[in-house]
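Participant: Mind looking at a prediction? Sequence and model below.
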Amino acid sequence: MPQSGPSAIAAAERGFSWQRELAAAVRDAGELRSLLGLPDEPVPRAAGSFPLLVPRGFVRRMRRGDPLDPLLLQVLPTAAEDVVVGGFTADPLLEQEAVAAPGLVRKYAGRALLLATSACAVNCRYCFRREFPYVESGVTRAGVSAALDAIAADATLHEVILSGGDPLLLDDDRLAELVGRLEAIPHLARLRIHTRLPVVLPERVTDGLVSTLRRTRLAGVIVVHANHPAEIDDMVAAGIRRLAAAGVILLNQSVLLAGVNDSAGTLAELSERLVQIGVVPYYLHLLDRVRGVAHFEVAEREARGLIAELRRRLPGYAVPRLAREVPGEAAKVWIS
Ligand SMILES: *Cc1c(COP(=O)(O)O)cnc(C)c1O
Ligand code: SF4
């Protein structure tokens, strides 16, 4: 019998509202500036190929009138992106060489990335996949099928990492179908999801998603992506609580970004907030040197100093691993 009453209505509402929220996301720099009470400025060239995209709920967590707000800096295209800096290239991680099958990036033992979709709910200016050729790499429905065949044919794989783009942009039905096909592959033990949606669009944590995670025989790990404590509000905390109730392990990865989170105080507060809502800090990534992001880079020596300070301030489990991806290595390189 269908449920009724306020909680069922709230759940159904959650199921649809994330798509409405996404459709209504801000896509225009002038509008974003005016929402925040900031003066208009010319839009840089780089915004043409990698446009501004940010959900309104994330904008509401920014400080009005502050052009240096750490959330704003992550999403607003600036003239700095058009500056050419040596060493910053289209594919610094040589990911395209690691495409094992359409949509499947295989670099490390036992696990592989399945690029389930090319779209995100937010375009992060520092993103290392901002120039990734998703279509050429087979990130399409047909590509996902070929990737599943390649996973099924390789018994050394025990974990599939859904990535993208943001895999939680697949709707509940498509996600349930994908998980169903993965759990039918006997050598898979774990399903990991790398997603920024529980942070930037917490409405995405629907009952359908939670029930897919709860029902699967695969051990679930969700790695969310928050860079600054101001990203974590009550809505985010509530979504995380629903995910935790599905019995998954919850981790966070951040990117160390100049002007956003390059202080021990900010990073310590981020870790404390994460732990408070039930998420363990996992990685703090040094920036990948993709074209247009040089202004976000923090030097490795400074990064080591920040981690040393975090170790003085926080319990060990709340200190993320400082890591860098080096093409050709057997794993991400831990720096601290
Ligand atoms: C980062 C990454 C992983 C996951 O690495 P972990 O250290 O297990 O988190 C897996 N495959 C690829 C290609 C990656 O870039
Ligand atoms: S959500 Fe992740 S993949 Fe998407 S733009 Fe941001 S960093 Fe890149």
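Facilitator: Nice, I can see it. Ligands and ions are numbered 1, 2, ... in the order given.
Participant: Enumerate every residue touching the closest residue to Ala25 other than its chain neighbours.
Facilitator: Spatially, and ignoring its direct neighbours in sequence, Ala25 is nearest to Pro55 (4.7 Å; Cβ to Cβ, 6 or more residues apart in numbering). Just so you know, the C-beta spots here come from the backbone N, C-alpha and C atoms, and that holds for glycine as well. With contacts defined as Cβ atoms under 8 Å, 6 or more residues apart in numbering, Pro55 is in contact with 21-22, 24-26, 121-122, 200-201.
Participant: again, but for Glu297
Facilitator: 258, 287, 289.
Participant: ok, and the most crowded of these?
Facilitator: Counting neighbours by other Cβ atoms under 10 Å, the top entry in the contacts of Glu297 is Leu287, with 20 neighbours.
Participant: Please name the nearest non-neighbouring residue to that one.
Facilitator: Among residues not flanking Leu287 along the chain, Glu297 sits closest, at 5.0 Å (Cβ to Cβ, 6+ apart).
Participant: residues of stretch 163-176 that come out buried?
Facilitator: For stretch 163-176, a neighbour-count test (16 or more other Cβ atoms under 10 Å) marks 163-172, 175-176 as buried.
Participant: Give me the neighbour count for Arg27.
Facilitator: Neighbour count of Arg27, defined by other Cβ under 10 Å: 12.
Participant: That one contacts Ala47, doesn't it?
Facilitator: No - Arg27 is beyond contact range of Ala47, at 10.3 Å (criterion: Cβ atoms under 8 Å).
Participant: the strands in the stretch 101-250 of the chain, which residues?
Facilitator: 104-108, 111-115, 159-163, 190-194, 219-225, 249-255 (DSSP state E, counting those that start in this stretch).
Participant: Can you convert those strands into TSV and add a column each for mean pLDDT and distance to Lys332?
Facilitator: TSV is the format used below for the strands of the stretch 101-250 of the chain (pLDDT from 0 to 100; distance: least, Cβ to Cβ, whole Å):
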stretch	mean pLDDT	distance to Lys332
strand 104-108	93	8
strand 111-115	95	12
strand 159-163	97	13
strand 190-194	98	13
strand 219-225	98	13
strand 249-255	98	10
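Participant: Now distance to Arg313 too, for those strands, in a markdown table please.
Facilitator: Listed next are those as a markdown table, based on distance: least, Cβ to Cβ, whole Å:
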| stretch | distance to Arg313 |
| --- | --- |
| strand 104-108 | 31 |
| strand 111-115 | 32 |
| strand 159-163 | 31 |
| strand 190-194 | 27 |
| strand 219-225 | 22 |
| strand 249-255 | 16 |
